[in-house]
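Peer 1: here is my input, please return the structure:
(2 chains)
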Amino acid sequence: MGVATVSAVGRDLDLDLELAERHRYGDDRAFNEVYSRFEDMVYNLAYRLSGNREEAADLTQEIFLRVFRHLGSFGGRSTLKTWIFRIAVNHCRDRLSRWHPPTQPIGEEPGEGVAVYADPARGPEELAVAADAKRRVEQALTCLPQVFREVVVLRDIEGLSYEEIAEVLTVRIGTVRSRIARGREQLRALLETQS
Amino acid sequence: MNRHLSSEQLSAYLDGEVAFPESRTAEQHLASCEDCRDRYQSMQQLVTSVWRLERAAPPVGLAPRVRAEVMAARNPRSPVRDALSYLFVLPSQPVLRTAAAMGLALVLSVFLVNNGVDSKRDYEILGTPHPEDAKGVVTVEEVLGDSPLFLPQTISYVAGREFVWTELSNGDVWVQKGLEGTVPQARVSSQSPQGRELLARYSELGLLLADGSRVVLRYRLETVELSRGV
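Peer 2: Presented below is the predicted three-dimensional model:
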């Protein structure tokens, strides 16, 4: 990690702590800033973990309520991003263990709420193949056991580093490394089974 | 190195999450082993296909829903507050409570006007402070502040200053208008010499302190947090 990156992380952490402090002293704008910054991230994580848009919306609402209640106690031992991810993953685990699998798995139809960007350079046939491949990946991801789905989503969709994932899941980096590899192997096996 | 790379090594190498000696070894092995190179490329394709999945956009109505939920959480029901509301016949809903308080103030004002405001005896009977003793009038009203959440604010006017009622996870605070979100430079207890001096100077602060656990105000060019207790 370079000096510039270290100072950037330090700046982010200062900003995070300032937000928490402002929230502690009743500044409503602090929570709004947090919400705007992390809404997309939390919703997307909840969507990928639950595999259902409505459930993801409910989960996001509950997660942010937790964030609101505890933001004042954020102490800066990790970044606000990993802190919120930790709350989100824990809440999803808790809720999804009591929740039935999605009746309509993600990828069945584009529907509302999924940003689909058509590439004008690709022909209809190519687009159909790409859409089918995407659907298969989404379905395979939904079938992946929770413990592997978490790490694959955090790494390959949300782009967290191994260190950040270890902070979110409160496990060692070695565990993260092994789970990601096993998750990817299982995902590949699921895709092969589908085809 | 003749042994094939494990999935874990390939995966970590793909993510750039291996330290220098290990990355060099993996690089050298991949250059010479077609089998591992194929596995590496297959894993790379898989990761790319996951990474390319569209991000799900939150539904339009979600943000207002979350804000409404947060607003409800800001005003939780408290047994003490309910008991006080019952005692003072004030409803627990902030809007209704304010309306009731304003109504009560109106009735009290009419009563004082009709019965003479200058009579010291009347003040003693009513138990209200004499104007010479009081440095300000405490009134409560509900206004729509500039909060992005559009939350109604409960405001008290004490000694010519506006204080905003703020409910925090670690207690309720009256914060002087304009100091919301400001971190206090000094924290004083009401029992400390500085706290007693503040209360002697602005006696109505005691009323705010009795209602909330802390009062944040500007005093002698500093933001001071006055708290109850020792």
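Peer 1: would you point out which residue is most central in chain A?
Peer 2: Central residue of chain A (C-alpha atoms, centre = their mean): residue A:45, 2.7 Å from the mean position.
Peer 1: give me the number of residues near the residue of chain A found nearest chain B?
Peer 2: Residue nearest to chain B within chain A: residue A:27 (2.7 Å; C-beta to the nearest C-beta). All C-beta atoms are positioned from the backbone trio N, CA, C, and that covers glycine. Neighbour count for residue A:27, taken as other C-beta atoms under 10 Å in any protein chain shown: 20.
Peer 1: surely it is in contact with residue B:181?
Peer 2: Yes - using C-beta atoms under 8 Å, residue A:27 is in contact with residue B:181, at 2.7 Å.
Peer 1: wasn't residue A:95 part of a strand?
Peer 2: No - per DSSP: H, G, I helix; E, B strand; the rest coil, residue A:95 lies outside any strand segment and is helix.
Peer 1: who are the contact partners of it?
Peer 2: Contacts for residue A:95 (C-beta atoms under 8 Å, 6 or more residues apart in numbering or on different chains) come out as A:59, A:62.
Peer 1: pass me the low-pLDDT residue ranges in the chain, would you?
Peer 2: I went with chain A, as the question did not name one. Scanning chain A for pLDDT under 70 picks out A:1-11, A:98-122, A:124.
Peer 1: try again with chain B
Peer 2: B:1-2, B:75-101, B:104, B:115-153, B:159, B:169, B:230.
Peer 1: which ones are touching residue B:30?
Peer 2: Residue B:30 sits in contact with B:5, B:13, B:36-37, B:40, where contact means C-beta under 8 Å, 6+ apart.
Peer 1: pull the number of nearby residues for whatever residue of chain B ends up closest to chain A.
Peer 2: Closest residue of chain B to chain A, C-beta to the nearest C-beta: residue B:181 (2.7 Å). When neighbours are defined as other C-beta under 10 Å, residue B:181 has 19 of them.
Peer 1: tell me the SS of it?
Peer 2: With three-state DSSP as the basis, residue B:181 sits in coil.
Peer 1: ok, it - contacts?
Peer 2: Residue B:181 makes contact with A:22, A:25-27, A:29-30, according to C-beta under 8 Å, 6+ apart.
Peer 1: ok, residue A:182 next?
Peer 2: Per C-beta under 8 Å, 6+ apart, neighbours of residue A:182: A:148, B:7.
Peer 1: same thing but at 10 Å, please
Peer 2: Applying C-beta atoms under 10 Å, 6 or more residues apart in numbering or on different chains, we find residue A:182 in contact with A:145, A:147-148, A:151-152, B:7-8, B:11.
Peer 1: adding neighbour count, secondary structure and distance to residue B:56, write these out as a markdown table.
Peer 2: Below are the contacts of residue A:182 laid out as a markdown table (neighbours: other C-beta atoms under 10 Å in any protein chain shown; DSSP: H, G, I helix; E, B strand; the rest coil; distance: C-beta to C-beta, whole Å):
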| residue | neighbour count | secondary structure | distance to residue B:56 |
| --- | --- | --- | --- |
| A:145 | 10 | coil | 21 |
| A:147 | 12 | helix | 22 |
| A:148 | 19 | helix | 20 |
| A:151 | 26 | helix | 19 |
| A:152 | 23 | helix | 16 |
| B:7 | 17 | helix | 29 |
| B:8 | 18 | helix | 30 |
| B:11 | 25 | helix | 25 |
